[in-house]
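**Student:** What would the 3D arrangement of this be:
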Amino acid sequence: MPKFCRAMLADEDKLPRVGSNGASLGVRLPPDKNADVDCDESGQVVLNEKGMSVSPRWRDLPPFRIPKRLKGKSPGARGSDASFCYSYGKGPFQNCKFADGLQLIPDRPNHGVVAPLRLVKFQQYEEELAATRPEWVIDEN
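**Tutor:** Have a look, this model is predicted:
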């Protein structure tokens with residue numbers, strides 16, 4: 001299972017909050033101008049290597065996502081202190097299936113996306129992402 005990171009808001013149980021914005025465990029859908037995925041006319045997620053953005057290490061996240069409290073560890077960090085840097089898995093950051101219906105697709109050395117493995121309705125993709133919630137851990141070292 002690959003290791004990857006994402007900055008997300010936490011729920012009361014300190015696990016990532018599920019939602020459809022850039023600071024949650026989920027993706028933005030069109031017509032949002034920053035949509036993370038495309039859907040066809042039947043509501044299925046298009047398999048075009050788009051998905052939920054992740055990085056191999058939290059320090060590789062965009063500075064506007066890294067909480068300001070981590071400025072000492074990551075100069076330029078200017079994200080909300082309401083967010084936490086989470087990691088998932090332990091293996092190499094490489095293209096592979098890692099959870100039911102999901103795959104990691106690295107597109108640059110410091111960025112990748114979590115995308116569906118097959119054509120699914122958007123709701124199912126959201127549910128598959130949400131099912132990974134218990135496996136995410138806060139990782140700010």
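**Student:** Can you give me the separation between the nearest residue to R57 once chain neighbours are set aside and R69?
**Tutor:** Counting by Cβ to Cβ, 6 or more residues apart in numbering, the nearest residue to R57 once its immediate chain neighbours are dropped is C5, at 5.9 Å. All C-beta spots, glycine's among them, are computed from the backbone N, C-alpha and C. Distance from C5 to R69, counting by Cβ to Cβ, to the nearest Å: 16 Å.
**Student:** Those two: which has the busier surroundings?
**Tutor:** The neighbour count for C5 versus R69, taken as other Cβ atoms under 10 Å, is higher for C5 (24 against 14).
**Student:** So which residues of this protein form strands?
**Tutor:** Taking DSSP state E, the strands of the chain run over residues 4-9, 52-54, 83-88, 96-99, 102-108, 111-116, 137-138.
**Student:** contact partners of the longest one?
**Tutor:** Residues from elsewhere that reach strand 102-108 (Cβ atoms under 8 Å, 6 or more residues apart in numbering): 2, 4, 49, 51, 54, 56, 93-98, 112-117, 128-129, 132.
**Student:** Sketch out the low-pLDDT regions of this structure for me.
**Tutor:** Of all residues in the chain, none has pLDDT under 70.
**Student:** And the helices in it?
**Tutor:** Ranges of helices within the chain are 122-131, based on DSSP state H.
**Student:** End to end on stretch 125-141, go ahead and measure it.
**Tutor:** Chord length of stretch 125-141, first to last residue, is 30 Å (Cα to Cα, to the nearest Å).
**Student:** what do you get for stretch 54-69?
**Tutor:** With Cα to Cα as the measure, stretch 54-69 spans 20 Å from end to end.
**Student:** if we can go back for a sec, quick check on the contacts of strand 102-108: which are buried?
**Tutor:** Listed as buried from these are 2, 4, 51, 54, 56, 93, 98, 112-116, 128-129, 132; burial here means 16 or more other Cβ atoms under 10 Å.
**Student:** With just CA atoms, put stretch 101-112 into CSV.
**Tutor:** The C-alpha trace of stretch 101-112 is given here as CSV (Å, rounded to 0.1, in the frame of the first residue of the first chain):
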residue,chain,number,x,y,z
GLY,A,101,-12.2,0.7,-5.9
LEU,A,102,-9.4,3.2,-5.6
GLN,A,103,-5.9,3.7,-7.1
LEU,A,104,-3.1,6.1,-6.6
ILE,A,105,-1.9,7.8,-9.8
PRO,A,106,1.3,9.8,-9.3
ASP,A,107,1.5,12.5,-12.0
ARG,A,108,4.6,14.3,-10.7
PRO,A,109,7.3,13.4,-8.2
ASN,A,110,5.5,15.4,-5.5
HIS,A,111,1.9,15.0,-6.5
GLY,A,112,-0.7,12.4,-7.4
